[in-house]
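In: All I have is the shape, not the residue letters:
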């Protein structure tokens, strides 16, 4: 058991990674220079708008074929051999396992019909369970626990307006192919109805209940056999399901969207009498707004109003307050403007920006709460129904990120979730009448984070833009320019890089390491303008910002290129790929999870089509030029000394194809002239990380920290003090 830290060899391998042994018992003597497996090159040239582009590793896109499977196995074995020789991985894995055993964790709270619903996980429990309790004071009751079914995770849930039933989506094996099930709250009985193909990695699941609780409207992808296999992740539509009937009888609502990459978000009012649908065409795009009266939907706002609700870190980019809908609009307002939309579809401005970017809204009795962000800082303000400020909620003014607003328009008590760099996740009960804040839940960490300190830096980037950086270290270390430092960034789709508690950080910090986060353009830290300045034709700004942050850390004498590593995942993996190909000498090591690297083949994977609005479409000559200018795979140059690189991908990932990492690894391995390894891990039976289990998450961090410790020169773990029985008497 993990709790006892008596791992079997198999358990160690599972925790570390599916194919990477991180157990000292499995370590082997490995020569410093092990040659990576050879990768055959095929003669393939493709014409893009008159430009001939070689693609010698295109054959690696044929995942599942014997040749590719053999190549993947060889790469996994190579990585296993190299990382098994790392001198300190055993101590790192053990320490991460200790730190991961926090007290019970909670997430994704919702308050419906005086009941608080949330997800709860007690490490080392593999997956969170769905829980309900009376609000604001009640006993917790587990409604759904998927841990008996290995690899199954709850991804979303939607309580009925009266709180008597909950619809929840579950997925298996990291695929994110979701099926919606139903559970009765009072009895815990799972209802027979099951709605398959309810969203996936390309398009999110979403659902609203009928007011009477007898049916639901939900998002459904095409049924297998109704379209070619390669189009099953497109053309999502809204369907209505009556409980107690077969899903085959479900009927379509609204007309078929005009775009095959339509995505949906659905929300209902407190009592189910009103519903809204936000439909957008591709990641990062603005939304069309539809309202439902009875069973009829009608469009009330188009994309010209520039509404965006789906990228709120608080989970509440729109809310019903009585008969009106509150939404965030960015038309002529880069920081956002709160609109009210009445039941007839008429809209007007309710709250204008005041120097902070609007991020989320939630209805309360007598008004609403508004979450706002400015760089790495967050605040929540309370307004009355007329949009007049009541007060700023008394939360820490800096060093925290808001991750939840759970409220209902019938109750004067709200739940606000937040955490900080050194503040473990906590929930507070906010009394909207008195303004009092009371902590009702907090995670108890397994280590002492009291001496974790942070510093703020600004990096000067392209166009004179200042990019905020948060630096974290233990105590007040000497800045000698040689600290092993890990820098990370994301910058995509208007999503903010939240200030948040990092449970694993202590394993790095307590050995003299430094961690840093850069709020680069492409994210939402300063609103829509910050997002737009790091997307589409401006995507290079994201990469420039990361490089500027790296130089700022060096100039401030936190580190130097020989001790600096960078890490990112998914769209942040694209940032890593661009960083190491554009400035290979400025980083000593790079770790990238499930990243994008071959931008010219973005459209060759279903989710790539959904990303074309945010990044560009290779079939468009102008947008092809954007992508070709920075595509990491296109800018791997033979004879270059690259930093040490660890690429981690997963065979079941529906969001980023595993071959993106395979092709990039093959190109880097051939081109590299440095003595540092280029490693690839392809995880079997796993996906993008959205539904990763406890051990998988610990294992990923263990691989990352072990790799960086080896390459950045992290100090070895201090030996434990001798036990009294072994001490020499004085």
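Out: Perfect, thanks for sending it. Bear in mind that the values here come from a model prediction, so they are computed numbers and not experimental data.
In: Paired strands for whichever strand or helix holds residue 454, with orientation please.
Out: Assessed by DSSP states H and E, residue 454 sits inside strand 452-460. Strand pairing for strand 452-460, using DSSP bridges, gives strand 466-474 (antiparallel).
In: which residues touch the partner strand?
Out: For strand 466-474, contacts defined as C-beta atoms under 8 Å, 6 or more residues apart in numbering pick out 375-376, 421, 451-461, 483, 499, 502, 505-506, 509-510, 512-521, 525, 545, 548-549, 552-553, 556, 558. C-betas here are computed from N, CA, C, even on glycine.
In: How about the contacts made by residue 150?
Out: residue 126.
In: And it, its phi and psi?
Out: Main-chain torsions, residue 150, degrees, to the nearest 10: phi -60, psi 130.
In: picking up where we left off before, can you list the buried residues in the strand holding residue 454?
Out: Using 16 or more other C-beta atoms under 10 Å as the test for burial, strand 452-460 gives 452, 454, 457, 459.
In: now swap in stretch 673-681 and tell me
Out: For stretch 673-681, by 16+ other C-beta under 10 Å, it's 676-681.
In: what about it, start to end distance?
Out: Stretch 673-681 has its terminal residues 21 Å apart, counting by C-alpha to C-alpha, to the nearest Å.
In: downstream neighbour of the worst-scoring helix or strand of the chain on mean pLDDT in the secondary structure list?
Out: Across the helices and strands of the chain, mean confidence by mean pLDDT, DSSP states H and E is lowest for helix 9-16: a mean of 32. Remark: after helix 9-16, the chain's next helix or strand is strand 45-48, criterion DSSP H and E.
In: need the next SSE after that following strand, C-terminal direction.
Out: Downstream of strand 45-48 (by DSSP H and E), the next one is strand 51-54.
In: now stretch 41-58, how far from the centre of its chain.
Out: Stretch 41-58 sits 33 Å away from the centroid of its parent chain (C-alpha atoms, centre = their mean, to the nearest Å).
In: how about the strands in the stretch 51-200 of the chain?
Out: 51-54, 105-112, 115-121, 129-134, 141-144, 152-159, 165-172, 179-184, 190-195 (DSSP state E, counting those that start in this stretch).
In: can I get these in JSON lines with distance to residue 613?
Out: As requested, the strands of the stretch 51-200 of the chain are exported to JSON lines (distance: least, C-beta to C-beta, whole Å):
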{"stretch": "strand 51-54", "distance to residue 613": "23"}
{"stretch": "strand 105-112", "distance to residue 613": "27"}
{"stretch": "strand 115-121", "distance to residue 613": "30"}
{"stretch": "strand 129-134", "distance to residue 613": "33"}
{"stretch": "strand 141-144", "distance to residue 613": "35"}
{"stretch": "strand 152-159", "distance to residue 613": "23"}
{"stretch": "strand 165-172", "distance to residue 613": "25"}
{"stretch": "strand 179-184", "distance to residue 613": "27"}
{"stretch": "strand 190-195", "distance to residue 613": "28"}
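In: closest to residue 598 out of the ones you listed?
Out: strand 51-54 (10.3 Å; C-beta to C-beta).
In: Give me the sheet partners of the closest one and which way each runs.
Out: By DSSP bridges, strand 51-54 pairs with strand 45-48 (antiparallel).
In: average pLDDT for the strand it pairs with?
Out: For strand 45-48, mean pLDDT rounds to 96.
In: Run through who's touching it.
Out: Contacts for strand 45-48 (C-beta under 8 Å, 6+ apart): 52-55, 600, 618, 624, 628.
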